[in-house]
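Chemist: give me coordinates for this.
(chains A and B)
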Amino acid sequence: MKVLIIEDNQELARNIRDFLAREGYICESCDTLEAAKEKLGLFQYDCILLDIGLPDGNGISLLNLIRSEYKDSNVLIISAKNSLDDKIIGLEKGADDYITKPFHLAELHARIRAVYRRKNLGGTSIVAFNEISLNTDTFEVHVGDHLLDTTPKEFDLLLYFIVNKNRVLSRQAIAAHLWGDYTDNLANFDFVYQHVKNLRRKISAAGGVDYISTVYGLGYKFNSHKPE
Amino acid sequence: MKLTTKFTLWYFGIMLVVLLIGGYIVYYEIQDKISRVEVVRHQRLNDLIAEQVRIGGDYSNHPTRKRATVAPIPADSVPKGVSTYYTRGIDWNPEFQTNEYRLLVTNFYLIKGQWYRITTYSFIPSFYQLLPGVVDSFKWILLLLLILVIVSAGLISKYILAPFKRTLRVIQSFDLKQKGAMRLPVTRTSEFLELNQFLEKMTDKAREDYQSLKEFTENASHELQTPTAIIRGKLDLLMESDIRDEQAILIAETQNALERLSRIHSSLTLLTKLENHEYEADTTVCISQLTRETLNSFEELIQLKSLTLTTTITEKVNVPLHPSLADLLLTNLIGNAIRHNEAPAAFEGDAKGVSEVEGQDWEKGEPGFSGGLIQVSLTREGLVVVNTGRQPQVPTIELFERFKKGNSGSDSIGIGLAIVRQICDLSHFTIDYQYHAGFHCLAVGFSPRVVASKLLQNLSLPLQDRIKSGWPKAN
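Modeler: Residues are numbered from 1 along each chain as shown, chains lettered A, B, ... in the order given. As a prediction, the model looks like this:
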């Protein structure tokens, strides 16, 4: 996947680039509207990460151009302003999703994958890994031939793990993913623990491999090569 | 007390004192004047009698002698340097057959080498007879003055205080968030002019300060997000590098602090936005539907904590509230009820020194406590959320303040209820929070007329009944 990062903060852009590069994505970044227009004119991107506050203008203005000229690209807005208006305007102008700083990189990745799935898989919405397959339309999980009885949160969690496989996912990132922005009341990591525990139990019971492991002190990891 | 009333009362007091002193003066003046006039009259009479004596002849039946005594006296009994004196006192008046006030005037004359003492008297009105007249007239004066003061105080204060009242009206309608400067009416009264100038200067300053504070908050919220995002990203990347266990702990602790920072930050930003009225309700929202949706999204958590949920939701309750705020309100209220929920057994045991249920390591223990209760009741009047939990360490009313926590050990930041209250204040909802016998009861009244505490009494009754009938068994 080719990703263009339009972000004026070099450090943040590098974080995103480093993270996504490990997924095998080809990332390019630029820090102004002008540079972005230039790059968009030269290359085709699958996904554009667009910061709203840019030194030479508002990122929203670029949305119009992208929507009229480069219809195939997914646009994900990155904004420091957690303002409702921005969110609504951004989505109305044709952005595919909206993420607010400060975000977890794994969350950003999950969002990129989600918009990519919605647009580019031509209707099939199956995310599969070895014997596990998830249908993002029907919210069904199959382990081999077994249909897994999962709750919506467990489905979300499993999808999050598979998208970010082989990565350490902190409890904070998982909590933020499952319960959203205002998690003050609920960022109780006990709940994360419970969900992960239940999910592992269900997969194992259905005969699947227990890919999820605990990372000491940090969180969890979905291992594609389970060390036995 | 009104300014006018105060003025009137003071004037009345001063008038009373002045009139009392005045009455005293008038009383003695009249007394003195009457005596003087009489004395002069009698002196003239005495002179006349002396003249008669000088001329000689029989005047014994003359009208001048009716109340006169003429007595020849030896020269040595004539007082030195005094030719006239008078005395006053009560004496018998044979004409009226009553004791009356008598004025007696004595003069000494040297007629043809012989000293005569000529004394005449008359009965004059007694001073005590004068007193009621004086008092009466002063009573009328006082009454007249009082009416005048009251009427004039009303009229004059209306005229003089008019600019002051206008200023008051303008200040009352002053809003820190208003765009233009506050304009006060022009007045010729220098004190009011000074007051107005001061007020204008002060409100301008307050408005500027408010604006710059608002700008600062907005900038801070905006500018802090990027560095926080960078730190978070770096930690995410660091986590995946090859690290030792102790380094992992360091990262985890950093992440916790960062999480907290970002949560506090976003909550404060939200509160600021609420204060700035960024979420104005232009339509009504169906709170029944939203409550059900929120409860659904919390369903798993309720199950995880093995809580028993009872709901009574009235259909189609619409309230004027921004949808995002309604969502926030419900999420915070119900989320709190779940998060801070503990079965009575958990904290009753606490008192007896039985091992702590809280603070378990997430790695090992079973965090779910069984037997907790939640009750959510929604009616047209309001919403009541009741949950079991341990007694808060501070009075419940203080929990609405920012960064106040019922239990200092918990890792929440203590801002959820501040947000709830802010939303209620903005929407003119009433809110009440009570703790009673292991139950946290939180009520939101949808109309300013509905007092939330009243709501609590009505709606938490079914739950109170449940206490009496015993606790439901833990599953």
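Chemist: pLDDT weak spots in chain B?
Modeler: Residues of chain B meeting the criterion pLDDT under 70: B:345-370, B:405-413, B:457-475.
Chemist: for the stretch 151-300 of chain B, what spans make up the strands?
Modeler: B:284-286 (DSSP state E, counting those that start in this stretch).
Chemist: in it, which residue sits nearest chain A?
Modeler: B:Gly233 (3.2 Å; Cβ to the nearest Cβ). Where C-beta positions appear, they are placed from N, C-alpha and C, glycine not excepted.
Chemist: how is chain A partitioned into domains?
Modeler: Annotated domains of chain A cover A:2-120, A:126-222 [automatic domain parsing].
Chemist: in chain A, which helix or strand is least confident?
Modeler: Within chain A, no helix or strand scores below helix A:84-92, which has a mean of 76 by mean pLDDT, DSSP states H and E.
Chemist: count the residues that sit near B:Arg102.
Modeler: 18 (other Cβ atoms under 10 Å in any protein chain shown).
Chemist: oh sorry, the question was meant for B:Gly154
Modeler: 13.
Chemist: pretty sure it sits against B:Lys2.
Modeler: No: using Cβ atoms under 8 Å, B:Gly154 is not in contact with B:Lys2, being 10.1 Å away.
Chemist: quick one: contacts for A:His142?
Modeler: Each residue near A:His142 by Cβ atoms under 8 Å, 6 or more residues apart in numbering or on different chains is listed here: A:132-135, A:148.
Chemist: no, scratch that, I was asking about B:Thr87
Modeler: B:103-104, B:106.
Chemist: and these as a markdown table, adding distance to chain A, secondary structure and neighbour count?
Modeler: A markdown table is the format used below for those (distance: Cβ to the nearest Cβ, whole Å; DSSP: H, G, I helix; E, B strand; the rest coil; neighbours: other Cβ atoms under 10 Å in any protein chain shown):
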| residue | distance to chain A | secondary structure | neighbour count |
| --- | --- | --- | --- |
| B:Leu103 | 101 | strand | 20 |
| B:Leu104 | 105 | strand | 17 |
| B:Thr106 | 109 | strand | 20 |
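Chemist: out of those residues, who's nearest B:Lys201?
Modeler: B:Leu103 (73.8 Å; Cβ to Cβ).
Chemist: so the closest one bridges to which residues?
Modeler: Bridge pairing for B:Leu103 (DSSP bridges) gives the partners B:Arg88, B:Ser122.
Chemist: low-confidence stretches in chain A?
Modeler: Ranges of chain A meeting pLDDT under 70: A:81-85, A:121-124, A:181-188, A:226-228.
Chemist: centre-most residue in it?
Modeler: A:Ala110 (1.7 Å; Cα atoms, centre = their mean).
Chemist: give me the nearest residue to it, chain neighbours excluded.
Modeler: A:Val163 (4.9 Å; Cβ to Cβ, 6 or more residues apart in numbering or on different chains).
Chemist: check contacts around A:Leu49.
Modeler: Counted by Cβ under 8 Å, 6+ apart, A:Leu49 has contacts A:3-7, A:16, A:76, A:78, A:108, A:112.
Chemist: what does the stretch 251-400 of chain B put close to chain A?
Modeler: Selection of the stretch 251-400 of chain B residues close to chain A by Cβ under 8 Å from any Cβ of the partner chain yields B:251-252, B:255-256, B:259, B:262-263, B:266-267, B:269-270, B:273, B:278-279, B:300-301, B:304, B:324, B:328, B:331-332, B:335-336, B:338-339, B:360, B:362-363, B:367-368.
Chemist: got a PyMOL select line for the buried ones in those?
Modeler: Of those, the buried ones go into a single PyMOL selection, burial set by 16 or more other Cβ atoms under 10 Å in any protein chain shown:
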select buried, chain B and resi 251+252+255+256+259+262+263+266+267+269+270+273+279+300+301+304+328+331+332+335+336+338+339+367+368
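Chemist: where do the helices sit along the stretch 101-250 of chain B?
Modeler: B:127-160, B:162-172, B:190-239, B:245-275 (DSSP state H, counting those that start in this stretch).
Chemist: could you export those helices as a markdown table, including distance to B:Glu315?
Modeler: Output for these, formatted as a markdown table (distance: least, Cβ to Cβ, whole Å):
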| stretch | distance to B:Glu315 |
| --- | --- |
| helix B:127-160 | 55 |
| helix B:162-172 | 41 |
| helix B:190-239 | 39 |
| helix B:245-275 | 29 |
